[in-house]
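**Q** Make a model of this:
(chains A, B, C, D, E, F, G and H)
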Protein chains: 8
Amino acid sequence: MDQWTVYLSGEIHTDWRERIQTATKSAGLPVGFTGPVTDHDASDDCGVAILGDEDKPFWKDHKGAQINAIRTRTLIGKADVVVVRFGDKYKQWNAAFDAGYAAALGKPLIIMHDPALTHPLKEVDAAALAVAQTAEEIVAILTYVIRGELVGNAVRAAAE
Amino acid sequence: MDQWTVYLSGEIHTDWRERIQTATKSAGLPVGFTGPVTDHDASDDCGVAILGDEDKPFWKDHKGAQINAIRTRTLIGKADVVVVRFGDKYKQWNAAFDAGYAAALGKPLIIMHDPALTHPLKEVDAAALAVAQTAEEIVAILTYVIRGELVGNAVRAAAE
Amino acid sequence: MDQWTVYLSGEIHTDWRERIQTATKSAGLPVGFTGPVTDHDASDDCGVAILGDEDKPFWKDHKGAQINAIRTRTLIGKADVVVVRFGDKYKQWNAAFDAGYAAALGKPLIIMHDPALTHPLKEVDAAALAVAQTAEEIVAILTYVIRGELVGNAVRAAAE
Amino acid sequence: MDQWTVYLSGEIHTDWRERIQTATKSAGLPVGFTGPVTDHDASDDCGVAILGDEDKPFWKDHKGAQINAIRTRTLIGKADVVVVRFGDKYKQWNAAFDAGYAAALGKPLIIMHDPALTHPLKEVDAAALAVAQTAEEIVAILTYVIRGELVGNAVRAAAE
Amino acid sequence: MDQWTVYLSGEIHTDWRERIQTATKSAGLPVGFTGPVTDHDASDDCGVAILGDEDKPFWKDHKGAQINAIRTRTLIGKADVVVVRFGDKYKQWNAAFDAGYAAALGKPLIIMHDPALTHPLKEVDAAALAVAQTAEEIVAILTYVIRGELVGNAVRAAAE
Amino acid sequence: MDQWTVYLSGEIHTDWRERIQTATKSAGLPVGFTGPVTDHDASDDCGVAILGDEDKPFWKDHKGAQINAIRTRTLIGKADVVVVRFGDKYKQWNAAFDAGYAAALGKPLIIMHDPALTHPLKEVDAAALAVAQTAEEIVAILTYVIRGELVGNAVRAAAE
Amino acid sequence: MDQWTVYLSGEIHTDWRERIQTATKSAGLPVGFTGPVTDHDASDDCGVAILGDEDKPFWKDHKGAQINAIRTRTLIGKADVVVVRFGDKYKQWNAAFDAGYAAALGKPLIIMHDPALTHPLKEVDAAALAVAQTAEEIVAILTYVIRGELVGNAVRAAAE
Amino acid sequence: MDQWTVYLSGEIHTDWRERIQTATKSAGLPVGFTGPVTDHDASDDCGVAILGDEDKPFWKDHKGAQINAIRTRTLIGKADVVVVRFGDKYKQWNAAFDAGYAAALGKPLIIMHDPALTHPLKEVDAAALAVAQTAEEIVAILTYVIRGELVGNAVRAAAE
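**A** Numbering: from 1, shown residues only, chains lettered A, B, ... in the order given. Here you go, the predicted structure:
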């Protein structure tokens, strides 16, 4: 397979996507990354900005979330691997929804979160083929899965 | 269709399942309900209780969550309709995961939650065919969908 | 196959469903019929009646149509055969939508309409395994398909 | 995803397709558009022109519509997103059929029509992830969905 | 599995179906049999008899064959096992079509024919899980497959 | 869609494939053609030639037909459109098998044969979106379906 | 769900199936069990016994294994849960094949084996939702999954 | 089809992959090969090397096998043809698992092993479209299947 497509779902307030993408590019891995719109305001406002205002917050959210779904469901459906990151803030139900959606499509799933979230995320983790804590581990998994090269020891040393 | 099967996912600390089941039975609707194991301790402990202790909490959770998945994925896969309830406590990522899982399988989805959760649940709601607030509304939806009888006005009056 | 399930979609202002069901029952055919809610007012109002009023007509319609979809998509998905009737009034886009939906699911499709509608319905008819004009023809098709008995000559004589 | 494919179904008597395609090209979006044959006469006559005359109008229509289906079903099946436009004339049952067909395949669906058609299109709209009124809104949705850029406010201002 | 459904496709001019059904019933096997309409004239005429005459033989055949397809595709789709018998007369392209149709659906396929037809049927046989010559062998296969009882030796002795 | 893939199944003793391919290339249509191995001897012998002799003709045929199936099922599965040609000689059950296989996969199907075969091919034709007699008609269909250009009248004049 | 179907694949030389079935019946669980033919000689000989002798061992095995596949693939396809037991003897490649087959179908998978086999079975275990050592653990899992009752502690105590 | 993708599963201790790839490249066949990571130590250690140590061998194996599954399931899912080689050592349950997994996905399957393994591999072979003994035979199959060229006689002479 010449090219892999990896969808990066979940938390949008830290630089985990950039770290994965930068390291993957440096390593020369043949990976294209996709993901949701990560501009929080745009993501919230897209429905009413494009299709007109709503009085009720419910419909504002509904219109926006459905437009976002055009992107997210299409890209998850085309991904080879889906990575879902949970941060330490917010409800992040969209991230868990994406994980369930990807799992039902049979996509290989990698979940990324701190150990503090292990218990509440146990059902999500149970559907994953890997549960990682750091962006470096994700890169090491992709490097191994795509090239068969095991750079993990170094990665873990650096991460500890 | 003689018999409908409705899976009730999500919150396990209030009596919403009982209220739906009791009212549905009173109405004589041909509905069988399924759902996850709602005994919180059993659900947490099933892995190690059945398959042996684990030192690390991660593996305890993993074994338990995977055994629970035998039940939940089987029953969601067989359901005609999936209802997912979000309460006001806990992370409830398993509920959002179930919603995503059911959505990808093409199951008609009903989400139930208080208006206060509208914004964080917008992506989940966007995948639903109905967003309800009360068990009575769920019963009214089922009554209408199965029998074509619209008892909703009374229900709403009672619920307000 | 002991029992067939036939979904009757489309026009709700004439008695075609009753004629098919009565004749099928008289003939003792093992067929269970399903279909949309045919109470026009209930079908229009179900969304706001159950889930609360809307100021905008769009959202009133949206909520109602999505609740109806819980029923229609579930029942079309479970049907062995889908019959769609087009009458001479109204837009009837929901009927054409159902036909497309059933076609993509691979359901055997029977379309029923007057010859006057042949040209505008040509794309819909092109997806059908039979195009009938009368309820009696539908009954004759079901009788033949299920029992292998050809009562069609009599039926056509009666219908002409 | 490097390239998106968008199928434009429905009305063929206004320039909505050209407006979408021109604006999308100007914006440099990586979108390829597909759609039905929009030459009305060719679409009507293709069956008998290629495969020989028919005495009955029904078979003329049937042969033509089935040849058109070779194109439309193939292209809808390959599309990432399906847009269906309803105009103010004609029955347009093929447009509603395409919407149902795309919905059953799980394609993200955008419906485009004037507010006057909201009520008769409610079942079709209920299956969509966006309901737009103008070509400019469609372009704004594609721009947002593909690039994450929200140019919608300007677009709406221009459209109003 | 309490009950098996076996579809018997193909040749309609000998008593192979009856022999299989009688022997299976005698043996008390939990099998329900389905198949096409085996009344040759009814099968040829059903289209025009029910839906009206046609001047061209092509359309007479087309209407009839499509009505038959309502039955055959539905029943093949519901079968657990598909048996296709080729006799020594006629083109029997419908039998080969059914075999291909069942193969693509992943149905276990048993082909039954005389050794004289081995070469022209090689592509069909290559998709089968068993190639039998006699009704008695089919019964022996069903007996073994359903009950695990091997009565084959006696059967072969009787058949030789 | 930039490129179409058309699988040409069936008769191998006339030049219909070449005529379609030559005319399609002349017209500059973006079509790639695939099909079975059309070297009759190679097709018959491939099993034993590659994997070793067999004493019984059945197993010689079986090994060869299964190797051919690696090619044919893969290529049919990847085709956008499947054309199946029936000639006036031989059993051609593999052609009918391919038609059934393609039909069950939902592939748009074009059947090509002389009118003399209409009755025995009626079930196969009933699954097709077009039934043609000549290679020129196939080319006209592809030209129309891919480019929307109707060159059919000239084609028919030439063919008559 | 009123009734569960559990397929028991793998080792046929110990009484693990009986222990599971007896205990499940005692507990009154609504489970129907299916599985391969466990009569080793019948399983080996069924092909030639029913369909005639073969000179080459390969074809004897081939005919028998394909007849067995009619049963095993049908029953695995209908199962809610698939249990695969590996013993300490023989190659048991059919057991691993069944596990892979069930995994690709998305069936919840329970693998049962002694700890000594953990390393060579790691890829198989990695696809499972539970890895058990004893029949009693399997019964405890089924009891929990179906009824939500956690009898595991007692079971483990008894098993140790 | 311009390019074929062939997944090479199974034995990693002989040079069969290299022989197939070298000969295929020499022949100029348009085939891209994929397969598991064949570095035995990396394959065993990848879980703990990347995601951290485990005290229990079971979890070490589990983490590693699940990471390997990200690669193997993705690549098998994208392959046109799956070849599985069984050697004369080790349990090789992962090879049989891959064969079952590929079979359930409907992938054309070629099994490669010495005649000594025929009996224990009979269920696996029964799902294959070809059973080969040597890398040269695999190359001959690919050459025939892709180009229609029968170089098998020479190959067999060389292999004997």
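**Q** okay, CA-based contacts and neighbour counts for the rest of this
**A** Noted.
**Q** Check chain A for the residue nearest chain C and tell me.
**A** Closest to chain C within chain A is residue A:59: 8.3 Å, counting by Cα to the nearest Cα.
**Q** residues in contact with that residue?
**A** Neighbour list for residue A:59: empty [criterion: Cα atoms under 8 Å, 6 or more residues apart in numbering or on different chains].
**Q** Just confirm residue A:8 is within a strand.
**A** Yes - when DSSP: H, G, I helix; E, B strand; the rest coil is applied, residue A:8 is found to be in a strand.
**Q** Compute the distance between it and chain H, please.
**A** The gap separating residue A:8 from chain H is 15 Å, by Cα to the nearest Cα, to the nearest Å.
**Q** Run through the bridge partners of that residue.
**A** Listed by DSSP bridges, the beta-bridge partners for residue A:8 are residue A:83.
**Q** mind checking pLDDT for it?
**A** On pLDDT, residue A:8 comes in at 98.
**Q** Next: the one 4 residues further on.
**A** Looking at residue A:12, its pLDDT stands at 95.
**Q** Does it belong to a helix, a strand or coil?
**A** Quick answer, by three-state DSSP: residue A:12 is coil.
**Q** And for it, the neighbour number?
**A** 17 (other Cα atoms under 10 Å in any protein chain shown).
**Q** tell me the centre residue of chain A?
**A** What sits nearest the mean C-alpha location of chain A, by Cα atoms, centre = their mean, is residue A:9, with 2.0 Å.
**Q** isn't it right up against residue A:87?
**A** No - counting by Cα atoms under 8 Å, residue A:87 is not a contact partner of residue A:9; they are 11.3 Å apart.
**Q** can you give me the helices for chain A?
**A** In chain A, the helices defined using DSSP state H lie at A:16-26, A:40-51, A:57-78, A:93-104, A:122-125, A:135-147, A:152-159.
**Q** Whether the fifth one contacts chain G - can you check?
**A** Spelled out, that is helix A:122-125. No - judged by Cα under 8 Å from any Cα of the partner chain, helix A:122-125 stays clear of chain G, getting no closer than 11.7 Å.
**Q** That helix close to chain B?
**A** Yes - residues of helix A:122-125 contacting chain B under Cα under 8 Å from any Cα: A:122, A:123, A:124, A:125.
**Q** Likewise for the fourth one?
**A** Yes - Helix A:93-104 lies within reach of chain B by Cα under 8 Å from any Cα, at A:93, A:94, A:96, A:97, A:98, A:99, A:100, A:101, A:102, A:103, A:104.
**Q** Can you name the two of these that sit furthest apart?
**A** A:93 and A:104 (16.6 Å; Cα to Cα).
**Q** So between these two, which is more surrounded?
**A** A direct count of neighbours by other Cα under 10 Å for residue A:93 and residue A:104 places residue A:93 higher, at 25 against 21.
**Q** Next, the contact list for the more buried one, please.
**A** Each residue near residue A:93 by Cα under 8 Å, 6+ apart is listed here: B:93, B:96, B:120, B:121, B:123, B:124.
**Q** which of these are buried?
**A** With burial judged by 16 or more other Cα atoms under 10 Å in any protein chain shown, the buried subset of the contacts of residue A:93 is B:93, B:96, B:121, B:123, B:124.
**Q** Which two among those are spaced furthest apart?
**A** B:93 and B:123 (13.3 Å).
**Q** lowest-confidence helix or strand of chain A?
**A** Here the helix or strand of chain A ranked lowest by mean pLDDT, DSSP states H and E is helix A:152-159, holding a mean of 49.
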